[in-house]
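Novice: Here you go, sequence then predicted model.
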Amino acid sequence: MLAEISTALKAIPGAVKALAHLVGAAGEAGAAWIDVGTAKAEQHAKRISGDTAASQGIRNALAKKAAENAIADPLLVDRALDRWSNALLRTQSNREAVALKTLEYLEIDPPDATTAGPSEDWMNVFEEYAQRASSETLRQHWAHILAGEIRKPGSFSRMTLQFMSIMDQQLATLVEAACGSIMLGRYIPQIGNLSGGELYERLLVLETLGFVTCGSSLTTAYTQEGRLLFPFKRKALMLEGAPGAEVSVTCAILTLVGREVLTFIAYQDDEALIRNIGENLTVPSVQMGDWDGNTFRNGVRLKP
């Protein structure tokens, strides 16, 4: 699969440069890495672990430093070298796993041939975080970010990179749960179960981390037909009231970080929570139904 796209990607300098930066290649070596695909990670590992000249040079330097500090234990030097080589192999393995996953995402949605790709400064920050991604989920997240930045430089801010650098399973669960009640692409209504208790406390945690800003107000109005649509991901609430009348809802609003993370995080609508939101809206009539991005259908009346 990767071989089929390697030729096309090699013709896109921005993509080659970014992937080469991540795996530690340069120039033609970056394009060569795309050619060999999955085999490259193993080759890198063998080359690094088998580079006896480099290992011996480092061993000698460590031994000299140990002598200068009156450290007589030669095993200390061995342990230091083992730690260095193991750390190097681990971070390189993580980098190349992210790069390979990035290739897969670029196959699904190829970049424009004219893309300049990420900046050098952005890549320096990105790779410091991506090289710590030891789980498959985190590698997927970092690969989504890199693929997006290759397609459209500037898509992901450094604040988002910092947010993702502290992402663990607990935080991922909080984010996915919060996304389940996002309407209009950026608002989480703070009404019903989201106005207090455990769910509200979770929003406060996400506010502290810079994902949302709580306590804002969304004000909009009914159409001339007396309808107002609040779409979520696959569900929607249809409000009915006096034409032109305003409706205000207290909401948590996604920050720039939240909006950028939303572009690649996997989540589903929380139908029970959306129903609870609809039931607690201070409006005369609400239906809950399906939403395909264009049409509201299969509405079920929640109130009156």
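Specialist: Yes, it's here. Numbering: from 1, shown residues only.
Novice: Please report how far the nearest residue to Phe211 once chain neighbours are set aside lies from Ala116.
Specialist: Once flanking residues are discounted, Phe211 sits nearest to Gly258: 4.5 Å by Cβ to Cβ, 6 or more residues apart in numbering. From N, CA and C alone the C-beta is placed, and that goes for glycine too. Going from Gly258 to Ala116 by Cβ to Cβ, to the nearest Å gives 26 Å.
Novice: The two: which is more packed in?
Specialist: Gly258 (26 against 12; other Cβ atoms under 10 Å).
Novice: Identify each buried residue in the helix or strand hosting that one, please.
Specialist: Secondary structure from DSSP states H and E places Gly258 in helix 256-262. With burial defined by 16 or more other Cβ atoms under 10 Å, the residues of helix 256-262 counted as buried are 257-258, 260-262.
Novice: Then stretch 228-244?
Specialist: Within stretch 228-244, the residues scored as buried using 16+ other Cβ under 10 Å are 228, 230-233, 235-241.
Novice: Just give me the closest of those to Glu120.
Specialist: Lys233 (36.2 Å; Cβ to Cβ).
Novice: for the closest one, what are its contacts?
Specialist: The contact partners of Lys233, by Cβ atoms under 8 Å, 6 or more residues apart in numbering, come to 182, 267-269, 291.
Novice: Is it correct that Met288 is in contact with Asn276?
Specialist: No: taking contacts as Cβ atoms under 8 Å, Met288 lies outside contact range of Asn276: 10.3 Å.
Novice: who has more neighbours, those two?
Specialist: It is Met288, of Met288 and Asn276, that has more neighbours when counted by other Cβ under 10 Å, with 23 against 18.
Novice: Report pLDDT for the more buried one.
Specialist: pLDDT, Met288: 98.
Novice: ok, now which ones touch it?
Specialist: 235-238, 274-275, 278, 299-300, 302.
Novice: Is it within a helix or a strand, and which one?
Specialist: In the assignment (DSSP H and E), Met288 maps to strand 285-291.
Novice: do Ala178 as well
Specialist: If you go by DSSP H and E, Ala178 is part of helix 169-179.
Novice: quick one: which helix or strand includes Ala18?
Specialist: Element membership of Ala18, judged by DSSP H and E, is helix 13-23.
Novice: In terms of secondary structure, what does that helix contact?
Specialist: Contact analysis of helix 13-23 by 3 or more Cβ pairs under 8 Å, 6 or more residues apart in numbering; DSSP states H and E lists helix 2-10, helix 28-36, helix 74-108, helix 120-130, helix 136-151 as its packing neighbours.
Novice: got any ranges where the stretch 51-200 of the chain has weak pLDDT?
Specialist: For the stretch 51-200 of the chain, applying pLDDT under 70 flags the ranges 51-87.
Novice: How is this structure divided into domains?
Specialist: Residue ranges for the domains of the chain, per automatic domain parsing: 2-165, 169-303.
Novice: rewinding a little: export the contacts of Met288 as TSV, with columns for secondary structure, pLDDT and distance to Pro189.
Specialist: Below are those laid out as TSV (DSSP: H, G, I helix; E, B strand; the rest coil; pLDDT from 0 to 100; distance: Cβ to Cβ, whole Å):
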residue	secondary structure	pLDDT	distance to Pro189
Lys235	strand	98	13
Ala236	strand	98	13
Leu237	strand	98	9
Met238	strand	98	15
Ile274	helix	97	9
Arg275	helix	97	12
Gly278	helix	97	9
Gly299	strand	96	18
Val300	strand	97	18
Leu302	strand	96	14
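Novice: now the residues you listed as a markdown table including distance to Thr213?
Specialist: Formatted as a markdown table, those follow (distance: Cβ to Cβ, whole Å):
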| residue | distance to Thr213 |
| --- | --- |
| Lys235 | 24 |
| Ala236 | 24 |
| Leu237 | 22 |
| Met238 | 27 |
| Ile274 | 21 |
| Arg275 | 25 |
| Gly278 | 23 |
| Gly299 | 31 |
| Val300 | 32 |
| Leu302 | 28 |
